[in-house]
Every structure is written in C-alpha cells, then in structure tokens.
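Q: Mind looking at a prediction? Sequence and model below.
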Amino acid sequence: MKEIKVFAGSSHPALVGRICERLGINPAKAKTTKFKNKETNVEIQESVRGCDCYIVQTSNEKVNDLVMETLIMTSACVTASANRVFVVLPCFPYSRLDQRGAERKAIGGKLIANLLTTAGATAIITMDLHSEQTEGFFDIPVDNLLARPLIVQWLKQHYKNPESCVIVSPDAGGVKRVTAIADRFKTGFAIFHRDQRKEATSTRHAVIGDVKGKACIIVDDLADTCETLLTAARALKNCEAASVIAIVTHGLFSFDSIERIEKSAIDKLIVTNTLPQAENLTKSSKLEIIDISQLLTEAIRRTHNSESVRALFDTVPGIWN
C-alpha cells in the first residue's frame, strides 16, 4: 500500500489536525509564503515520491488566494513525483456559478474544475455541492459527500418524537435535500416560498405545509448573508411554529450575518465545520457545530484503500458512534 500524506492548506488547519489524528498520522510538511507582489509560493518539505497525497483546502473570504494555493500545491506534489494527488474541498469554491443564466455569467465552477484537472489532481473529494451538476464539470472522479447522515444523526439525538418536527426547505431548489432527510427521520416537510422576481412590485412569502405547533428545522446547503434563513424563520414564527432551528452545511456568514442571526427568530443555528467557525462561536450563543472530520477521514481512508465510498452517502458507520 502506498504511503499516505495529508497536506493542510492555509484555510482550515484545525480540520486537517482532526483528520490526521483520526488517521493516526502527522500532517505532511509544506510551507506556503507570499512574494512581495503577493504571488503565492508553496514548498513541499518532505518526500512525496510514490505517495498518495491529499490536499485539504476549503473556502473563506480569501477564496481567490486559496484557489491559487490549492492549484500550486497540487502541481508541486505532481512535480515531486507523487503517485496520486487527491484534492479535498469540503466547501467547493465558486459553486454558485454553475450555469450561465440570462445574465450571460461565466460558469466559474467549470473553470475551477478545469484548473484543478490541469494542475494534476487525480480526483476530487467535496461535500454538499450547491448543485449536483457541478460533478459533470470534471473529467476526473468526484466524490460529493453528503452531510445528510450527520444531520439525521443530530436530529435523532435531539428530537425523540419525530412527529413533533417538520423539515423545511427555504426554497424550491432544496426540496430534494429536505425530503430525503424527512424520509430518513420519518417526519413531514414544508416549503418556504419567497417571490424574488426583479419585476415584482412587492415581496410575497408563503409557507406550504403544516407547521403550527411544530419544531421547524430549516435545512440548507449554504448560508452567506443569511437573508433567506432570516426571512423564512420570521414567516414560520408568524405561522405559529413552536420553534425554528436552521441546519446549514457551509456557513460562510459574510458581513454582519452572525449578529443578525443572534437577534433573529432563529432559536438555534447548526452548522458543520467545512469552514472554520471558531471566531463565530464567540459571537453567537445560538451557534452549534457538527464535526465532519470523521466523514472526511473515512472517505480518505476508503479512497486510499480502494474501497467504496458510496455507503457514506446514506449512513453513519458504527465506528463513528
């Protein structure tokens, strides 16, 4: 079996530390610096010849620098004669740019896929892509892990009576995700609809489903400004929901979103650590973290041993309990 090396990008070293601890190895050594003109320089500081390398990098407010760092680190491992180079992107950059649309936008997700492939990536491991079509942007294998089994596990730990809950989609695009979770948790679901047409003279809201007296759990893949979550929470409370909790995979939380959540109708916000949340935890008493390191660790272990990753899409292996 080839030796395994796990490299930490500069975005989330704490997550890499957890992964390596679970794998029983030390993080591989690499040094990232900047030239005076802000160009990125990466130096691999140990031999990777013949090894399987895993580069773990996520997105944050410095996403453009992090993309370049990931590409350069991938290329560095390839030129240092690594056997295979896997890029682990818990939060895929530019995932919202997945179609051209009426505005003739660039398809940024496809561009990122092309760059990673050109840099020499063997395969990609990511989580909860904003749209599943992003997998088709790649000509190399992509494992799109789902936070769904971890969310269901959290729900079972905190709600002993599923019938008292309802899983809510904050928009029509999230219905598939929400119904899958509702089916596994054996409860009902609802949809929050918000008319966002530019030509609309007034904003119209609607909650489709029975939420009166229920514990409402809004599930979404990504929260940035959190405007949709805040509006949905107010609408649910106006419909006499007993409580409103939001569960989000990727918490970008730009601008003053954490402060606004603290003052909002949301009773609790659950977010995974695909992005670092240590600073946000100090700002909000409503924030709670679901750790994904066990999921990524198992995906890396199975990939390295040429085992199937498919089981991780639906279940939490007993070894995690």
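A: Done, it's in.
Q: hey, let's count contacts and neighbours off CA atoms from now on
A: Noted.
Q: Now stretch 58-71 - C-alpha only, CSV.
A: C-alpha atoms of stretch 58-71 as CSV (Å, rounded to 0.1, in the frame of the first residue of the first chain):
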residue,chain,number,x,y,z
THR,A,58,-11.8,25.0,2.0
SER,A,59,-13.2,28.4,1.1
ASN,A,60,-13.4,31.6,3.1
GLU,A,61,-13.3,35.3,2.4
LYS,A,62,-9.8,34.8,0.8
VAL,A,63,-11.2,32.3,-1.7
ASN,A,64,-9.1,33.6,-4.7
ASP,A,65,-5.8,33.3,-2.8
LEU,A,66,-6.9,29.8,-1.6
VAL,A,67,-7.7,28.6,-5.1
MET,A,68,-4.3,29.6,-6.3
GLU,A,69,-2.6,28.0,-3.3
THR,A,70,-4.5,24.7,-3.9
LEU,A,71,-3.5,24.7,-7.6
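Q: so how far is it from its chain's centroid?
A: 15 Å (Cα atoms, centre = their mean, to the nearest Å).
Q: List the pairing partners of the helix-or-strand element of the chain with minimal mean pLDDT within its sheet, with orientation.
A: In the chain, no helix or strand scores lower on mean pLDDT, DSSP states H and E than strand 205-208, which sits at a mean of 86. When sheet partners are counted by DSSP bridges, strand 205-208 sits next to strand 188-194 (antiparallel).
Q: Run the chain-centre distance for the partner strand.
A: The answer for strand 188-194 is 22 Å, by Cα atoms, centre = their mean.
Q: quick one, helices of the stretch 101-250 of the chain?
A: For the stretch 101-250 of the chain, applying DSSP state H, counting those that start in this stretch gives helices covering 108-119, 148-158, 175-185, 227-238.
Q: could you redo the ones you listed as a markdown table and give each row distance to Lys38 and mean neighbour count?
A: Listed next are these as a markdown table, based on distance: least, Cα to Cα, whole Å; neighbours: other Cα atoms under 10 Å:
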| stretch | distance to Lys38 | mean neighbour count |
| --- | --- | --- |
| helix 108-119 | 20 | 18 |
| helix 148-158 | 39 | 16 |
| helix 175-185 | 40 | 18 |
| helix 227-238 | 34 | 20 |
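Q: Low-confidence ranges, the stretch 101-250 of the chain, go.
A: 102, 196-204 (pLDDT under 70).
Q: Mind checking the helices of the stretch 101-250 of the chain for the one nearest to Ser169?
A: Minimum separation from Ser169 across those (Cα to Cα) falls at helix 175-185, 5.7 Å.
Q: contacts for that closest one?
A: 148, 151-152, 155-156, 162, 166-169, 188-189, 191, 219 (Cα atoms under 8 Å, 6 or more residues apart in numbering).
Q: Nearest to His304 among the helices of the stretch 101-250 of the chain would be which one?
A: helix 108-119 (19.3 Å).
Q: So which residues make contact with that closest one?
A: Against helix 108-119 from outside (Cα under 8 Å, 6+ apart): 71-72, 74-75, 93-98, 134, 137-140.
Q: Farthest pair within the contacts of helix 175-185?
A: Lys156 and Ile191 (21.5 Å).
Q: So which elements touch the longest helix anywhere in the chain?
A: As assigned by DSSP state H, the longest helix anywhere in the chain is helix 63-79. With contacts taken as 3 or more Cα pairs under 8 Å, 6 or more residues apart in numbering; DSSP states H and E, helix 63-79 sits against strand 40-44, strand 52-56, strand 84-89, helix 108-119.
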